[in-house]
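# Sequence and computational prediction follow.
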Amino acid sequence: MKIRLLLSFACLSWLSAAAAGIPADGRHCGLTRPPADAGAYVTPGGFLLVWPRNAGFARDYSGCRTLWVMQSADDTPLLMRLYFRGGRLEAVQGFDGRGGQSARTCVRPFDAPDCGGIEGNPLTAPDLPTWPRLCTEQPEHATCRRDPE
């Protein structure tokens, strides 16, 4: 009985991810921690970590791009997961940025009441220039003096 209950919960979570417009088995959609080569995006409040960076994000990219809030080198709660199909944003899953559960999911055409402004937000654009993660700790490094990629 316990096994059946666990399997039903596992199936429900997979179905809810798929229903939310983000395939559970989509490319890079299962990431929970930022890879070492995640890029740094600067905001007025600090750094966000982004993966994949633009170099790994072709115009026809299908899969997820994930953003984390960098509170410290070891504390990087999820902020949002973006799902692209053929280079076009299809779904956004937002988190509270403090390590809490999923706050909301919006899917194309993004016309739900809480989903306004998604397509105009620079964080959801396919082209999201970032610096190497090294720049979060060594801003004077020569690489960090160049424009973000």
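Thanks, I have it. What you see is a predicted model; the values in this text were computed from it and never measured. Residues are numbered from 1 along each chain as shown.

# Next, give phi and psi for Leu123.
Backbone torsions for Leu123, taken as degrees, to the nearest 10, come to phi -70, psi -20.

# Run a quick neighbour tally on the closest residue to it other than its chain neighbours.
Leaving out its chain neighbours, the residue that sits closest to Leu123 by Cβ to Cβ, 6 or more residues apart in numbering is Leu67, at 6.4 Å. Yep, even glycine has a C-beta here, placed from its N, CA and C like the rest. Here the count is done by other Cβ atoms under 10 Å, and Leu67 has 26 residues near it.

# For Leu67, give me its contacts.
Neighbouring residues of Leu67 by Cβ atoms under 8 Å, 6 or more residues apart in numbering: Tyr41, Leu48, Leu49, Val50, Leu78, Leu79, Met80, Arg81, Leu82, Leu123.

# Helices of this protein, start to end?
Shown for the chain, the helices assigned by DSSP state H span residues 2-19.

# which stretches of it aren't confidently modelled?
Judged against pLDDT under 70, the low-scoring parts of the chain cover residues 1-20, 97-103.

# what's the spacing between the spatially most central residue of it and Gly39?
By Cα atoms, centre = their mean, the chain has its centre lying nearest to Thr66, at 1.8 Å. Distance from Thr66 to Gly39, counting by Cβ to Cβ, to the nearest Å: 11 Å.

# overlap in contacts of those two?
Val50, Trp51.

# show me where the chain has strands.
For the chain, applying DSSP state E gives strands covering 39-43, 46-51, 63-70, 78-85, 88-95, 102-107, 131-132.

# Indicate which one of the ones you listed is closest to Asp25.
Between Asp25 and the strands of the chain, the shortest gap by Cβ to Cβ is with strand 63-70, which sits at 10.3 Å.

# Strand partners (parallel or antiparallel) of the closest one?
Strand 63-70 pairs in its sheet with strand 46-51 (antiparallel), strand 78-85 (antiparallel), by DSSP bridges.
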